[in-house]
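Participant: show me how the following folds:
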Amino acid sequence: EKATAVYGKLILEKTAKGYTDSGNGKVFSGNLQVESRDTGIRPQLLNEISETEVERYMTDDSFCMQEKFDGRRRMFVKSGAGVVATNRKGLAVPISQDIAGWFGHFLGEITVDGEDMGDIVQTFDILTPGKTYKQRYSDLAVLLRELHSDKLQLVPTAWTTAEKRILFATLKANNAEGVVFKKIDAVYKP
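Facilitator: A predicted model of the protein is given here:
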């Protein structure tokens with residue numbers, strides 16, 4: 001089991017960087033030198049809690065819960081015709097043309113936050129100033145439905161205590177990496 005977990009993490013890490021097991025490989029938009037450019041965009045990072053603290057958030061209806069994925073944290077910024085990906089430090093990072101193409105279908109300017117899992121992106125936020133997390137999540141759901149892409153997936157979210165308990169038990173049984181609790185009425189703050 002340990003070896004399989006290490007193997008899975010390594011494969012995820014490499015595919016998130018654009019490596020592929022197919023003979024034709026993936027083409028990147030940009031180059032590896034792009035990582036030194038600071039975009040000024042910062043993600044909202046998590047604060048770790050212990051499992052003994054989970055119950056407090058589980059029963060508090062002002063928090064929703066989602067699975068924490070073990071991919072590469074990315075914010076995808078579409079401005080004009082270009083798409084830039086940033087890492088958790090706000091630095092621009094290489095992006096595959098596939099992913100750039102998926103985000104290129106959005107109209108106008110948009111910043112989507114998520115986990116790059118290699119073949120798919122688990123999306124969980126769209127950065128819209130002044131809107132609460134619940135409003136932003138709802139807006140993201142609408143955009144993803146309009147896009148019809150199986151490559152951009154909306155992270156399932158549990159909103160009630162009952163939903164959170166079911167999701168938590170399922171994720172724990174499946175040895176998921178963890179869960180994330182988010183304050184429903186919080187506005188985005190890096």
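Participant: next, the most centrally placed residue in the chain: secondary structure please.
Facilitator: Centroid-nearest residue in the chain: G114, 1.5 Å away (criterion: C-alpha atoms, centre = their mean). Look at G114: counting by DSSP: H, G, I helix; E, B strand; the rest coil, its state is strand.
Participant: could you find the closest non-adjacent residue to it?
Facilitator: Spatial nearest neighbour of G114, chain neighbours left out: T123 (3.9 Å); criterion: C-beta to C-beta, 6 or more residues apart in numbering. In this view, the C-beta of every residue, glycine as well, is placed from N, C-alpha and C.
Participant: then E177?
Facilitator: In space, E177 is closest to D70, 4.6 Å off (C-beta to C-beta, 6+ apart).
Participant: who touches the residue nearest to G114 in this structure?
Facilitator: Shown in contact with T123 (C-beta atoms under 8 Å, 6 or more residues apart in numbering): 112-114, 140, 144, 152-155.
Participant: can you put those residues in JSON lines and add pLDDT and distance to R88?
Facilitator: JSON lines is the format used below for the contacts of T123 (pLDDT from 0 to 100; distance: C-beta to C-beta, whole Å):
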{"residue": "V112", "pLDDT": "90", "distance to R88": "15"}
{"residue": "D113", "pLDDT": "93", "distance to R88": "10"}
{"residue": "G114", "pLDDT": "93", "distance to R88": "12"}
{"residue": "L140", "pLDDT": "92", "distance to R88": "19"}
{"residue": "L144", "pLDDT": "86", "distance to R88": "22"}
{"residue": "L152", "pLDDT": "88", "distance to R88": "20"}
{"residue": "Q153", "pLDDT": "91", "distance to R88": "20"}
{"residue": "L154", "pLDDT": "94", "distance to R88": "21"}
{"residue": "V155", "pLDDT": "95", "distance to R88": "17"}
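Participant: those residues into JSON lines, with extra columns for distance to G104?
Facilitator: Converted to JSON lines, the contacts of T123 look like this (distance: C-beta to C-beta, whole Å):
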{"residue": "V112", "distance to G104": "12"}
{"residue": "D113", "distance to G104": "17"}
{"residue": "G114", "distance to G104": "16"}
{"residue": "L140", "distance to G104": "17"}
{"residue": "L144", "distance to G104": "15"}
{"residue": "L152", "distance to G104": "12"}
{"residue": "Q153", "distance to G104": "18"}
{"residue": "L154", "distance to G104": "19"}
{"residue": "V155", "distance to G104": "22"}
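Participant: where do the helices sit along this structure?
Facilitator: Using DSSP state H, the helices of the chain run over residues 2-16, 54-58, 97-104, 133-147, 161-173.
Participant: and of those, who's closest to K189?
Facilitator: Taking C-beta to C-beta, helix 133-147 is the member of the helices of the chain nearest to K189, at 10.7 Å.
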